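Engineer: Show me how the following folds:
(one chain, ligands or ions: 2)
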Amino acid sequence: MAGEAPELSAQERAGRAFPVSWDQFHRDCRALTWRLNEVGPFHAVIAITRGGLVPAAIVARELGVRVIDTVCIASYDHDKQGELQVLKGISESAMKLGGGTGKGLLIVDDLVDTGKTGRLVRQMLPDAHFATVYAKPKGRPLVDTFITEVSQDTWIFFPWDTALSYHPPLRDGAA
Ligand SMILES: O=P(O)(O)OC[C@H]1O[C@H](OP(=O)(O)OP(=O)(O)O)[C@H](O)[C@@H]1O
Ligand SMILES: [Mg+2]
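Structural biologist: Ligands and ions are numbered 1, 2, ... in the order given. All right, here's what the predicted structure looks like:
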């Protein structure tokens with residue numbers, strides 16, 4: 001409609017930027033594994049794709065878990081959240097390992113933001129342990145174990161979504 005303000009993306013609503021390097025991400029995943037080691041053992045890791053694939057690989061390696069399954073969910077088109085789409089559910093064999101309710105399974109994702117994605121996967125596996133590397137306040141109650149909390153108005157930039165580029169000096173007007 002004419003005169004209506006354009007809808008802001010989640011990233012535009014998020015005033016702060018929290019860029020994460022590969023090195024930092026690897027360190028945070030290892031820290032997550034230290035905490036998870038107290039909770040396990042786990043029969044399998046369930047990665048929420050795509051963002052959960054990277055931490056799932058690192059966590060599974062550290063915990064010695066060889067069975068990894070995926071639940072493929074998309075909601076953000078870059079930074080705009082739309083309807084959740086389950087593109088692939090949890091496999092029958094992983095479901096069996098978790099006794100149908102997820103007991104002894106570890107769900108891994110890169111972060112919880114609003115909690116929509118995490119809530120949906122928790123409904124699929126109510127007895128599983130849910131771990132993320134980062135958490136924002138709205139999604140935090142859904143997560144059993146996480147490493148770093150950032151404010152709701154922070155946008156996390158992951159290393160697989162970013163590249164090094166020139167940044168002008170402050171003197172020249174860089175924010
Ligand atoms: O708590 P929420 O508000 O639901 O947001 C968190 C989810 O959003 C991102 O996934 P995205 O849908 O962008 O897909 P991707 O993992 O393929 O990047 C992120 O990896 C989480 O899975
Ligand atoms: Mg995701």
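
Engineer: what's around the residue in the chain that ligand 1 sits nearest to, how many residues?
Structural biologist: Ranking the residues of the chain by distance to ligand 1 (Cβ to the nearest ligand atom) places Gly51 first, at 2.8 Å. C-beta coordinates here come from the backbone N, C-alpha and C atoms, glycine included. When neighbours are defined as other Cβ atoms under 10 Å, Gly51 has 22 of them.

Engineer: residues from the protein in reach of ligand 1?
Structural biologist: With Cβ under 6 Å from any ligand atom as the criterion, the chain meets ligand 1 at residues 48-51, 74-76, 81, 109-118, 139.

Engineer: Could you list which of the residues you listed belong to helices?
Structural biologist: Secondary structure from DSSP state H places Lys116, Thr117, Gly118 of those in helices.

Engineer: follow-up on the earlier one: now list the buried members of the residues of the chain next to ligand 1.
Structural biologist: Buried by 16 or more other Cβ atoms under 10 Å: 48, 51, 76, 109-113, 115-118, 139, out of the residues of the chain next to ligand 1.

Engineer: Please confirm that Ala131 is located within a strand.
Structural biologist: Yes: with DSSP: H, G, I helix; E, B strand; the rest coil as the criterion, Ala131 is part of a strand.

Engineer: now it: how far from Trp155?
Structural biologist: Ala131 is 21 Å from Trp155, where distance means Cβ to Cβ, to the nearest Å.

Engineer: Show me what Val45 is bridged to.
Structural biologist: Beta bridges link Val45 to Ile68, Leu106 when assigned by DSSP bridges.

Engineer: before we move on, back to that, now the ones in helices among the residues of the chain next to ligand 1 in TSV, with pLDDT?
Structural biologist: Conversion of these to TSV gives the following (pLDDT from 0 to 100):
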residue	pLDDT
Lys116	95
Thr117	96
Gly118	96
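
Engineer: picking up where we left off before, Ala131 and Trp155: who's more crowded?
Structural biologist: It is Ala131, of Ala131 and Trp155, that has more neighbours when counted by other Cβ under 10 Å, with 26 against 19.

Engineer: Phe146 is in contact with that one, correct?
Structural biologist: Yes: counting by Cβ atoms under 8 Å, Phe146 is a contact partner of Ala131 at 6.7 Å.

Engineer: Need the overlap of contacts for these two.
Structural biologist: Residues touching both Ala131 and Phe146 by Cβ atoms under 8 Å, 6 or more residues apart in numbering: Leu32.
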